[in-house]
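Visitor: Sequence and predicted structure are below.
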Amino acid sequence: MKTALITGASSGIGKELAYLMASQKINLIITARRTEALETIKHKLENSYPIKVVCITEDLATPKGAQSLFDKIKAQHLTVDFLINNAGFGGQGYFHERKWEDEAAMLQLNINTLTQLSHLFLPEMVQRNSGRILNVASSAGLIPAGPLQSVYFATKAYVLSFSQGIAGELADTPITVTALCPGATATEFEKTANLEGSDLFSGKTFTAKQVAKDGYEAMMKGELVKTTALSFIQKLNIKAIPLIPTKIILKQIKNMQEIK
């Protein structure tokens, strides 16, 4: 049986990916900061499916988190066939007013940890000549920038670019890298990012289960980029971005992210 490592697996898209992959009889390594939540998921999945779930509590928003997670996995002699870099968070507010500690943690988790975990596990995939990586980016990565979430939008643009870059490097191998770019999704992100009351989440939001399904299927097909959780109008707006002056886009995005 193959094994998937899912970061940020205690809730939202990560949790739904865990349930989905368990239903496909894939063993799991799930990690997050909340031990109790991970153990609850482990209990439910192992009682429902013929799989093994390993829980590893780790704070991946710290500089040593990725290496610590890798070392714990190696200590248990586990092989990662699917790397799901799902952990990440945002934060609303003017950049010059937000705490640097919060921005630094966001950069660490959304960029550094994701990149380091890819760097740690990819050599083993190359040696085996098999493996798949799913990096959860965001539709924010498809937009020039995001006033009032400037760092978050920039991190997701990085994830999108990085994922396609290494996918290009691996084009002649069976190993695939997929960037998942969801729009507004019903998870804890809205509350964590202090976006409650903004227009960004005032309309229809898609379920984490639906987004997880789209991401999983795209990964298994080896797609480069998968957009999901976007309305028809939102899809049209994204396609029209190259035709719209950047200043107008920045004004619209800022207005969407203001707390009303």
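Guide: Structure's in. What do you need? Residues are numbered from 1 along each chain as shown.
Visitor: Enumerate the positions of the top helix by length along the chain that are buried.
Guide: For the chain, the longest helix by residue count, based on DSSP state H, is helix 150-169. For helix 150-169, burial by neighbour count (16 or more other CB atoms under 10 Å) applies to 150-160, 162-164, 166-167. The C-beta positions use only the backbone N, C-alpha and C, and glycine is treated the same way.
Visitor: quick check: angle from the helix or strand just after that helix to helix 150-169?
Guide: Downstream of helix 150-169, the first helix or strand assigned by DSSP states H and E is strand 176-182. Between strand 176-182 and helix 150-169, the angle comes out at 150 degrees (axes from the mean of the first three to the mean of the last three CA atoms, to 10 degrees).
Visitor: Which pLDDT value goes with residue 230?
Guide: Note on residue 230: pLDDT of 93.
Visitor: And for it, nearest residue in space, chain neighbours not counted?
Guide: residue 183 (4.3 Å; CB to CB, 6 or more residues apart in numbering).
Visitor: and that neighbour, what does it touch?
Guide: Shown in contact with residue 183 (CB atoms under 8 Å, 6 or more residues apart in numbering): 138-139, 206, 227-231, 234.
Visitor: Tell me how far residue 49 lies from residue 115.
Guide: For residue 49, the distance to residue 115 equals 31 Å [CB to CB, to the nearest Å].
Visitor: what separates stretch 231-247 from the chain centre, distance-wise?
Guide: Centroid displacement of stretch 231-247 relative to its chain, using CA atoms, centre = their mean, to the nearest Å, is 23 Å.
Visitor: quick one: contacts of it?
Guide: Residues outside stretch 231-247 that contact it (CB under 8 Å, 6+ apart) are 139, 142-145, 183, 203-204, 227, 230, 249.
Visitor: how about 6 Å then?
Guide: Residues outside stretch 231-247 that contact it (CB atoms under 6 Å, 6 or more residues apart in numbering) are 142, 144, 183.
Visitor: And for stretch 125-145?
Guide: Counting by CB under 6 Å, 6+ apart, 81-86, 146, 153, 156-157, 159-160, 163, 174-181, 183, 215, 219, 238, 246, 249 sit against stretch 125-145.
Visitor: what does stretch 156-167 give?
Guide: Contacts of stretch 156-167 (CB under 6 Å, 6+ apart): 111, 135, 137-138, 140-141, 177, 179, 224.
Visitor: tell me the contacts of residue 105?
Guide: Residue 105 makes contacts with residue 61, as judged by CB under 6 Å, 6+ apart.
Visitor: Are we agreed that it is in a strand?
Guide: No - counting by DSSP: H, G, I helix; E, B strand; the rest coil, residue 105 is not found in a strand; it is helix.
Visitor: thinking again about what came up before, tell me the one of the contacts of stretch 156-167 nearest residue 5?
Guide: Ranked by distance to residue 5 (CB to CB), the contacts of stretch 156-167 are led by residue 135 at 12.5 Å.
Visitor: Neighbours of that closest one, how many?
Guide: Residue 135 is surrounded by 28 other residues when neighbours are defined as other CB atoms under 10 Å.
Visitor: the helices in this protein, which residues?
Guide: Under the criterion DSSP H, the chain contains helices at 12-23, 35-48, 65-75, 100-107, 114-128, 150-169, 189-192, 208-221, 232-240, 246-257.
Visitor: And the contacts of stretch 5-12?
Guide: Here stretch 5-12 makes contact (CB under 6 Å, 6+ apart) with 14-15, 17-18, 29-32, 34, 37-38, 80, 83-87, 187-188, 208.
Visitor: ok, now stretch 218-225?
Guide: By CB under 6 Å, 6+ apart, the list of residues contacting stretch 218-225 from outside reads 132, 134, 164, 167, 176, 178-179, 226.
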